[in-house]
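Engineer: fold the following.
(chains A and B)
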Protein chains: 2
Amino acid sequence: MAAAEGQWVLMATGRTPTNIAVIKYWGKRDEALILPINDSISEISLLGGRFQSCLREIRKRARDFEDKEKGVKIKKEDWDKLHVHIASYNNFPTAAGLASSAAGLACFVFTLGKLMNVKEDYGELSSIARQGSGSACRSIYGGFVKWCMGEKDDGSDSIAVQLADETHWNDLVIIIAVVSSKQKETSSTSGMRDSVETSPLLQYRAQTVVPGRVLKMEEAIKNRDFESFAKLTCADSNQFHAVCLDTSPPIFYMNDTSHRIISLVEKWNHSEGTPQVAYTFDAGPNAVLIAQNRKTAAHFLQKLLYYFPPQDNDLSSYLVGDKSILGDAGLHSMKDVEALPAPPDTKIPDQKFKGDVSYFICSRLGAGPKVVVDEGQALIDSVTGLPKGV
Amino acid sequence: MAAAEGQWVLMATGRTPTNIAVIKYWGKRDEALILPINDSISEISLLGGRFQSCLREIRKRARDFEDKEKGVKIKKEDWDKLHVHIASYNNFPTAAGLASSAAGLACFVFTLGKLMNVKEDYGELSSIARQGSGSACRSIYGGFVKWCMGEKDDGSDSIAVQLADETHWNDLVIIIAVVSSKQKETSSTSGMRDSVETSPLLQYRAQTVVPGRVLKMEEAIKNRDFESFAKLTCADSNQFHAVCLDTSPPIFYMNDTSHRIISLVEKWNHSEGTPQVAYTFDAGPNAVLIAQNRKTAAHFLQKLLYYFPPQDNDLSSYLVGDKSILGDAGLHSMKDVEALPAPPDTKIPDQKFKGDVSYFICSRLGAGPKVVVDEGQALIDSVTGLPKGV
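Structural biologist: The predicted structure follows:
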């Protein structure tokens, strides 16, 4: 991001992780301020970006800035007169229910704050990000984050807090199945509004079910209790989609492939007697799968690739992110994938669903937003102040 | 059905309609007596059959019987010593969430009652049928039927009552889309038990949502108010499936084809400004579609056949039941189906889903159980007392 005026360019570059809710946010009590009807808890996984505007709120908090080397001096009140070029790049599937917009918005707030020398704490920044896109407030931190719904009408107490940083429970491995879909999906903004207006089950969920679940989830995270974590995560994902289905007209984010992945996890967990993998789905058909550790993740990847082999037989582009998991799973080439035996414990009819998953992403719990120091990675040209390659 | 002893055969033949719940039954408060946790309302459509045993309850109520012509005399207490051959035939897809087991069980109770000269009223018969398969109690009547959950521990007040017979609202036309499915489905008995044990939303639905809906549905039926009827029917179907999804492990009865049919109905209803067609899904992917009248049904059939043409291009076997609806829709051959224009109002991407529907059934509100007088239609041989063709 850059502000250009006359001869000089001032630039800040940031990257922000996306976040996946394990206790879901669905339903606003205030549309304008984006205040939720329940608390939610997310865990940060990958990096991503897409932008909308929280410019006004950040500008309000802009402070004096001086860079003696460049000879740049900006008075607090002058930020309003400066032009801003914003360039954003998202390395995550957009509009696929993977909170890419939340990450983009959080990145925008965080980076613009750096540019304009804003000194607000992370709670305050999360509140600004929230006003752009509700769940963006959770992307202001890494690790496990709770968005407290707050009680005040002005929303000032509806902020995110970090429950634990990304090092607290670093055994967890995240595999995301990006599911092919031909269906046009309902945006979460309009879907949420429809649910608040028409679902008889939503208020009950928000008022009666979620508060207890949030407490249990905080305990599970604190104690690194994977069994409780997995049960709560799966149950809350399913209940969120149940509320979507209880909406008029009903909203379907999951498709047959999503259902098959759930079935695979449920049957494996059942046969092991204790949860190995948790699943959660946001506003789209993609599965976010959280394995207890790397060994479990590698084992699970074998099952996933048995049922969902790559359409084009190209293994190397079929798993992005931490590709080393393939080696752990003993999958060095398509020959290894083809040689995988049918999982005995999952009892799915022996059928394969080639092409039903576009690709997989393997990741870990991520850190919070970061300033990118290397100018080579900046998206703005430091001389012209314009986006690179435009 | 026939009882054979020595030289003579005594025989009774009955047929019973299946029933589709428009306010759903999901969850038992007593597993042994099959007592539900909420009232439900169904409307009877087609004929069907599959049997289980309610023999004991009917035998208890058996009475003296005499057929002077055949020289048969059976004392009340002698029914216990007689052998019974039961033959059952089902002209409806079984285990596809279309209540074929309910119809079979109700048929069994009704016909065995006729055979054994039972004089209990229909309420009592419905209570016996309930003990074999919950929703079977609703198949003891035609037209619109309410299964009152009852309050007593012994279940004696958990019976079905007829709200209106099949002539009350005879404009309604029912189209059933029998959806192809490769998935093994969860039986409703075990699914229901899982929901009672694990779904936080189920009790809220049964105690808070359904009672109001049952009252509104009774009003809508009484006033032949299609708009209210359709809205309640769709909302209750969706809420039932929401509760299935809120179960651990989650239950998915609907698949992508079911979702597409819902989308088609919702978009058409929305574009017309008032409901034209209602949908409801039981424990399977098949859509039961209720059109306001024959004209609407014919119009809707065009849309259905545009998106879901027959796999084998054979139109005549693709719609069973009242085939004359095809003529009303101007569909006399596959040429007419192929010439159908893309529905402008449904905004589904212009894509066809050949083979995703196995076939359609067209029907009307049905009458209650009937004795079949024609011995040619009996399934038992009147001389041997054994099932025909065995």
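
Engineer: now do the helices in chain A.
Structural biologist: A:55-60, A:100-115, A:122-132, A:188-198, A:200-204, A:210-222, A:226-245, A:256-272, A:294-307, A:324-328, A:334-338 (DSSP state H).

Engineer: dump the ones you listed to CSV, plus distance to chain B.
Structural biologist: In this view, the C-beta of every residue, glycine as well, is placed from N, C-alpha and C. As requested, these are exported to CSV (distance: least, CB to the nearest CB, whole Å):
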stretch, distance to chain B
helix A:55-60, 35
helix A:100-115, 23
helix A:122-132, 27
helix A:188-198, 8
helix A:200-204, 5
helix A:210-222, 9
helix A:226-245, 4
helix A:256-272, 4
helix A:294-307, 13
helix A:324-328, 26
helix A:334-338, 22
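
Engineer: could I get the ones you listed as a markdown table with mean neighbour count and mean pLDDT?
Structural biologist: Converted to a markdown table, those look like this (neighbours: other CB atoms under 10 Å in any protein chain shown; pLDDT from 0 to 100):
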| stretch | mean neighbour count | mean pLDDT |
| --- | --- | --- |
| helix A:55-60 | 16 | 86 |
| helix A:100-115 | 28 | 84 |
| helix A:122-132 | 24 | 88 |
| helix A:188-198 | 18 | 90 |
| helix A:200-204 | 21 | 95 |
| helix A:210-222 | 18 | 96 |
| helix A:226-245 | 24 | 97 |
| helix A:256-272 | 20 | 95 |
| helix A:294-307 | 21 | 97 |
| helix A:324-328 | 16 | 96 |
| helix A:334-338 | 14 | 96 |
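
Engineer: of the ones you listed, which approaches B:Pro344 most closely?
Structural biologist: helix A:188-198 (22.5 Å; CB to CB).

Engineer: CA atoms of the closest one as CSV?
Structural biologist: What follows is helix A:188-198, C-alpha atoms only, in CSV (Å, rounded to 0.1, in the frame of the first residue of the first chain):
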residue,chain,number,x,y,z
SER,A,188,-22.6,-15.1,3.6
THR,A,189,-23.9,-11.5,4.0
SER,A,190,-27.2,-12.1,2.4
GLY,A,191,-27.5,-15.7,3.7
MET,A,192,-26.9,-14.5,7.3
ARG,A,193,-29.6,-11.9,6.9
ASP,A,194,-32.1,-14.4,5.5
SER,A,195,-31.3,-16.8,8.5
VAL,A,196,-31.9,-14.1,11.1
GLU,A,197,-35.2,-13.2,9.5
THR,A,198,-36.6,-16.7,8.8
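
Engineer: just give me how far it sits from the chain centre.
Structural biologist: Between the centre of helix A:188-198 and the centre of its chain there are 20 Å (CA atoms, centre = their mean, to the nearest Å).

Engineer: next, the angle from that helix to helix A:100-115.
Structural biologist: 120 degrees (axes from the mean of the first three to the mean of the last three CA atoms, to 10 degrees).

Engineer: need the contact partners of helix A:188-198.
Structural biologist: With contacts defined as CB atoms under 8 Å, 6 or more residues apart in numbering or on different chains, helix A:188-198 is touched by A:26-28, A:31, A:37, A:97, A:186, A:202, A:243-244, A:246-249, A:251, A:282-283.

Engineer: and for stretch A:165-176?
Structural biologist: By CB under 8 Å, 6+ apart, stretch A:165-176 touches A:20, A:43-46, A:98, A:141-144, A:221, A:224, A:286-294, A:296-297, A:300-301, A:304, A:325, A:360-367.

Engineer: and for stretch A:306-315?
Structural biologist: Contacts for stretch A:306-315 (CB under 8 Å, 6+ apart): A:177, A:257, A:260, A:264, A:317-318, A:326, A:331, A:333-334, A:337-338, A:340-343, A:348, A:351-357, A:359.

Engineer: got the domain ranges for chain A?
Structural biologist: Here the domain assignment for chain A is A:2-167+A:371-377, A:173-363, based on automatic domain parsing.

Engineer: quick check: end-to-end length of the longest one?
Structural biologist: By that I understand domain A:173-363. 6 Å (CA to CA, to the nearest Å).

Engineer: hang on, the earlier thing: can you turn the buried part of the contacts of stretch A:165-176 into a PyMOL selection?
Structural biologist: In PyMOL, this line selects whichever of the contacts of stretch A:165-176 come out buried by 16 or more other CB atoms under 10 Å in any protein chain shown:
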select buried, chain A and resi 20+43+44+45+46+98+141+142+143+144+221+286+287+288+289+290+291+292+294+296+297+300+301+304+325+360+361+362+363+364+365+366+367
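
Engineer: and the helices of chain A as a markdown table, adding distance to B:Ala378?
Structural biologist: Output for the helices of chain A, formatted as a markdown table (distance: least, CB to CB, whole Å):
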| stretch | distance to B:Ala378 |
| --- | --- |
| helix A:55-60 | 80 |
| helix A:100-115 | 66 |
| helix A:122-132 | 72 |
| helix A:188-198 | 51 |
| helix A:200-204 | 49 |
| helix A:210-222 | 58 |
| helix A:226-245 | 45 |
| helix A:256-272 | 43 |
| helix A:294-307 | 49 |
| helix A:324-328 | 65 |
| helix A:334-338 | 57 |
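
Engineer: need the pLDDT of A:Lys24.
Structural biologist: Per-residue pLDDT puts A:Lys24 at 86.

Engineer: let me know the distance separating it from B:Phe300.
Structural biologist: For A:Lys24, the distance to B:Phe300 equals 35 Å [CB to CB, to the nearest Å].

Engineer: cool, and A:His299?
Structural biologist: The gap separating A:His299 from B:Phe300 is 48 Å, by CB to CB.

Engineer: next: A:Ser127.
Structural biologist: The value you get for A:Ser127 to B:Phe300, if CB to CB is used, is 49 Å.

Engineer: so who does A:Ile23 touch?
Structural biologist: Counting by CB under 8 Å, 6+ apart, A:Ile23 touches A:38-41, A:210, A:213-214, A:217, A:232, A:236.

Engineer: out of everything not next to it in sequence, what's closest to it?
Structural biologist: A:Ile41 (4.3 Å; CB to CB, 6 or more residues apart in numbering or on different chains).

Engineer: counting neighbours, what do you get for the one you found?
Structural biologist: 27 (other CB atoms under 10 Å in any protein chain shown).

Engineer: for A:Thr247, same thing?
Structural biologist: A:Thr247, neighbours per other CB under 10 Å, totals 25.

Engineer: tell me the contacts of A:Ile159?
Structural biologist: A:123-124, A:126-127, A:130, A:137, A:147-148, A:150 are the contacts of A:Ile159 under CB under 8 Å, 6+ apart.

Engineer: so what's the residue nearest to A:Ile23 bridging to?
Structural biologist: Legend: beta-bridge partners of A:Ile41 under DSSP bridges are A:Ile23, A:Lys146.

Engineer: mind checking how far the nearest residue to A:Val72 once chain neighbours are set aside is from A:Leu82?
Structural biologist: Counting by CB to CB, 6+ apart, the nearest residue to A:Val72 once its immediate chain neighbours are dropped is A:Trp8, at 5.2 Å. Using CB to CB, A:Trp8 is found at 11 Å from A:Leu82.

Engineer: tell me where the stretch 251-390 of chain A has strands.
Structural biologist: With strands called from DSSP state E, counting those that start in this stretch, the stretch 251-390 of chain A shows them at A:277-280, A:287-291, A:319-321, A:357-363, A:370-371.

Engineer: can you lay out those strands as a markdown table showing mean pLDDT?
Structural biologist: Below are the strands of the stretch 251-390 of chain A laid out as a markdown table (pLDDT from 0 to 100):
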| stretch | mean pLDDT |
| --- | --- |
| strand A:277-280 | 97 |
| strand A:287-291 | 96 |
| strand A:319-321 | 91 |
| strand A:357-363 | 93 |
| strand A:370-371 | 90 |
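
Engineer: of these, which is nearest B:Val383?
Structural biologist: Nearest of the strands of the stretch 251-390 of chain A to B:Val383, taken as CB to CB: strand A:277-280 at 61.1 Å.
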